[in-house]
Each structure stands twice: as structure tokens, then as C-alpha cells.
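S.K.: below are the sequence and a predicted model for it; my questions follow.
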Amino acid sequence: MTTSSELTHFFKPDSVAIIGSFRKGFFGGYVIVDSLLQGGYKGKIYPVNPNYEQVLGIRVYPSLEQIPGDIDLALIMINARGVPELIKQCADKGVKAAIIIADGFAERNEQGAQLQEQVQQLAKQAHIRLMGPNTAGVVNPIDNFYPCPYEAGYHTIQKGAIALISQTGMTNPQAFPYQDYHCGVSKICDLGNKCDVDECDLLEYLAEDEHTKVVGIYLEGIKDGKRFLRVARAVSSRKPVLIVKSGRTTQGAAASASHTGSMAVNDAIFDAVCAQTGVIRLDTFDELFEVPKIFATQPLPRGGRFGILTITGGMAVMAIDYGAPFGLQLAGMQPQTASFLDSIFSGSGHMPVDIGPMMAAVRGTFSRYHEILDALMADSNVDALLHIPWAHPSEDIIESYVRAYENIRGRYQKPVVTWVYGPSSQAVSELAYRLERMGFPVFKQLETAIKALGLALQYSQKRMASDAQ
């Protein structure tokens, strides 16, 4: 069992040693020091390299031995052949954890695998926890800890409740536009080759993390199948765990071995594992960033009856089709709700509620938009709501949507998912930004919005069934 304090050294260290080159560029020690400073890290920073005297106004030490204070975390970016000796120096210094950003280990060849084994054994003997090698490291927005080895062009990420674990740097800041990710993040971690810390360790750690509500994972292989079954089942009973696993094909499995040295799990077996543990399997890498938003920001649906408020009837029909395989069914409507909608425009009191005809016939429809949205949310027949707003560039229309969401925020224990369309990509982006800043997830595709709602329903049903036993 991984203790929380062990992994805290990776995400919330009081002191960091950075071993590598400090030449200015898009990668390396200079970038890490700059990222830590720009991100607001308050701990002690100890750059280490005998060829430098200072970097960004901070003293550079010739060796770990000459650092005056204790070191919680070492970030290692040197040639792979020098890593074993450096781990010995970390042991002598009492370093508690190390992230080996350097590559050239098990993902490379047999010689690299042997080198990785040597490093692992040295660290184990010294009680040093390792992450990597071949990793882009970690990010902890909650505590302003951004030890990013690659230049991303920005230095902070909105704080939130989504934790992302992966075996690729594609979830780290240099590869994803987190400045546009308005739901926010609690932790990011690239596991790399997983010579020590693996997905089970991170799941156990994040299960106890008060800032994390949902965990999204990209996996190429599972290190310990029996342990994963046990840990995944325990964690998913407390928090949603969503996984994208690559290596579905023979060629994909072979590629994962050369990427991180992972042994892929048979795809059918992995499906069975997900079914047994309650883990939610995703299909695409893009879904890893999209689907968790509903779990991070919305209450779980208590049933599968979903209402639809739209200005496009065609997409409402598509949404009904998309939802059926997940157990979602179009909600009925309470008589008082139907009567209210019919009072605005005759014939509107049924599902899906299509504002298109009302908008064309009734002057000032958008001035009453907040009443319409509120009436649907208040309807006891509606367990969840899909909203499809038309983001016309008119400021009045955008503001009417914002007022409507402000009116329902925090008042109902049922989820709302949103897909925005319109003639202006700028207006679509602006509305999505403003809604997500209020805590309402907006999805890039209608299919993804419905899938997220459907997966939330299935997770909710499993949780309720488990609680009833």
C-alpha cells in the first residue's frame, strides 16, 4: 500500500533539486527553474551542475552534496548512463523522491532495460521513490507547483477537480492548451516507464486527495494485474476512474513496448477488468479531457430521464438516439411545466423543447429564457438536462444564456450538459468559456455531451446498487 506521504514528495515538495543543463532553450533545467518561479512555487530551488554559477538569479550548486538543506524531490535530466551514480548521490543526501526525465532505458533496448533495473534496485535500497524514467513529470496547480521541463508558453493552470495520469507527455502543459481548459485540474502525472511509481500508486494517492473528484488515465499497459483489480475497485467505489487504454491491436501493443517498455494487456481481458472494478473505459484520447468534466462539476443523475432544451430539432433527435444505448430516455413533462411553456408559445409544452419556432414567433423570447430553463430544471420528471444553445454573435442573446445559467446555479441536484453551436466560432468559444467558468461543462461534440451524461448515469446506478447491498 502506497502511503500518501511518499507521493506527496512528488506533488508538494518543500525543496527541489534540478540536475541537468541550464542552457536557455525549449527544454531542460532552465525551463524548469523558470516554470517554478513563474508558477509561484514557494519552496526551495536547488539547481545542480558544476558548469554553472547561477540560473535566473538562483545559485547553482556543483553537486548534491554541497546543497545546504534537505531535498524532498530530485528532477534528473542527464545522460541515462550517469543516472545510477546520481541515484547513489541522492541516497547519500537523503533525497526522498526522484523524477527521472531522462530517456534511454527500457523503452530503448535490452541494455536500457538492464540500466533501468539497476536504477530501480539502487533507489529501492535507499528508500527513494522513483517516477519514470522517460517522463515529462508532474504538475500540481492546487499548490502552484509547475516543474515543467518543456516550454509551454504559459505557467499556470486553473485549479480544479480533475486529475490526469498518463504514460505519455501528451497530458502535460507543453502538449495541451490548459489555458482553454476552464473546468480546471488538480494533478497531472506522466508515469513514463513506471520502473517504480505506477497507476496503482497514483490511484491510491488520488483516492485520498481532497481536491480530486475524478481521475482520468491513459494507459499502455498494467504493471500488476492483481493489484490493479483490487485498487481500481476500491477507488472507483469512491471516485469515478476513467481510462483510455491503447494497444488494442497487435501493432499498437508492439508500439507501446517501444514507447514506454510496457507489456500490453489483452483488450478483451481489460474490458472484463473494467466491468469487474467499475472503471469507466473511454474510446478516444480526446474523451480523456472531455468526459471527466461532468464528474468534476455536476451532481450525478438519479435517473435516466433527460430533458432537452434546444433551438435545433434535428440535433435533439440525434441526441435521443445517442442516449439510448446508455439507458437515457427522453423525459416526460409535468402538466404545470407544459402549461407554462404553452403560455409562452402554443405547442411548446412537450419534449424536446424546441425554442426555434418560439424564437421566430414570439417577440422577446430570449428575455424569458431564464424562466424556461428554470422550469425544466424544476420539473420532477427531469433527472438531467441537455441544453443546445445557439450562440449568435448578438451580445443580448449571449447574455440571456449567461443569466439563465446564473439563475439555476447551485439550486438543483441534477446535471446539465451543454453543446453550443452557431455561425461564429468566436461567439461559441465565448459562451463556452463563460458557462464553464460558472461550473457547467460544455462539450465540443454533441455525441460527447450525451456520452458523458450516459456514463455518469451508469456510474451513478452502480454506486446506488453498491450502496444498497
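M.R.: Done, it's in.
S.K.: test my guess that residue 307 contacts residue 331.
M.R.: Yes: using Cβ atoms under 8 Å, residue 307 is in contact with residue 331, at 4.6 Å. Using the backbone N, CA and C atoms, a C-beta is placed for each residue, glycine as well.
S.K.: quick check: domain ranges of the chain?
M.R.: Here the domain parsing of the chain from automatic domain parsing is 4-294, 299-468.
S.K.: okay, those domains in a markdown table with mean pLDDT and mean neighbour count next?
M.R.: Formatted as a markdown table, the domains of the chain follow (pLDDT from 0 to 100; neighbours: other Cβ atoms under 10 Å):
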| stretch | mean pLDDT | mean neighbour count |
| --- | --- | --- |
| domain 4-294 | 93 | 19 |
| domain 299-468 | 95 | 18 |
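S.K.: on that earlier part again, can you check which residues contact both of residue 307 and residue 331?
M.R.: 351, 379, 381-382 (Cβ atoms under 8 Å, 6 or more residues apart in numbering).
S.K.: tell me who's in contact with the most centrally placed residue in the chain.
M.R.: Central residue of the chain (Cα atoms, centre = their mean): residue 164, 4.0 Å from the mean position. Applying Cβ under 8 Å, 6+ apart, we find residue 164 in contact with 171, 185, 187-189, 215-218, 288-289.
S.K.: 10 Å instead, please
M.R.: Residue 164 makes contact with 139, 170-172, 176, 185-190, 214-218, 242, 288-289, 292, according to Cβ atoms under 10 Å, 6 or more residues apart in numbering.
S.K.: where does it fall, secondary structure wise?
M.R.: Residue 164 belongs to strand 159-166 when assigned by DSSP states H and E.
S.K.: what lines up beside that strand in the sheet?
M.R.: As defined by DSSP bridges, the strand partners of strand 159-166 come to strand 185-190 (parallel), strand 214-219 (parallel).
S.K.: break down the stretch 1-150 of the chain into its strands, ranges please.
M.R.: 15-19, 44-48, 54-55, 58-59, 73-76, 97-100, 129-131, 137-139 (DSSP state E, counting those that start in this stretch).
S.K.: quick one on the thing from earlier: which one of the strands paired with strand 159-166 lies nearest to residue 374?
M.R.: strand 214-219 (27.4 Å; Cβ to Cβ).
S.K.: about what we covered before: I'd like the strands paired with strand 159-166 as CSV, with distance to residue 14 appended.
M.R.: Output for those, formatted as CSV (distance: least, Cβ to Cβ, whole Å):
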stretch, distance to residue 14
strand 185-190, 18
strand 214-219, 25
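S.K.: check which element follows the helix or strand where residue 271 lies along the chain.
M.R.: Residue 271 is part of helix 267-277, with elements assigned from DSSP H and E. Next helix or strand after helix 267-277 toward the C-terminus (DSSP H and E): strand 280-281.
S.K.: dump the residue contacts of the nearest residue to residue 142 once chain neighbours are set aside.
M.R.: Leaving aside its sequence neighbours, residue 142 sits nearest to residue 211 (Cβ to Cβ, 6 or more residues apart in numbering; 4.9 Å). When contacts are counted by Cβ under 10 Å, 6+ apart, residue 211 touches 140-143, 159-163, 184-187.
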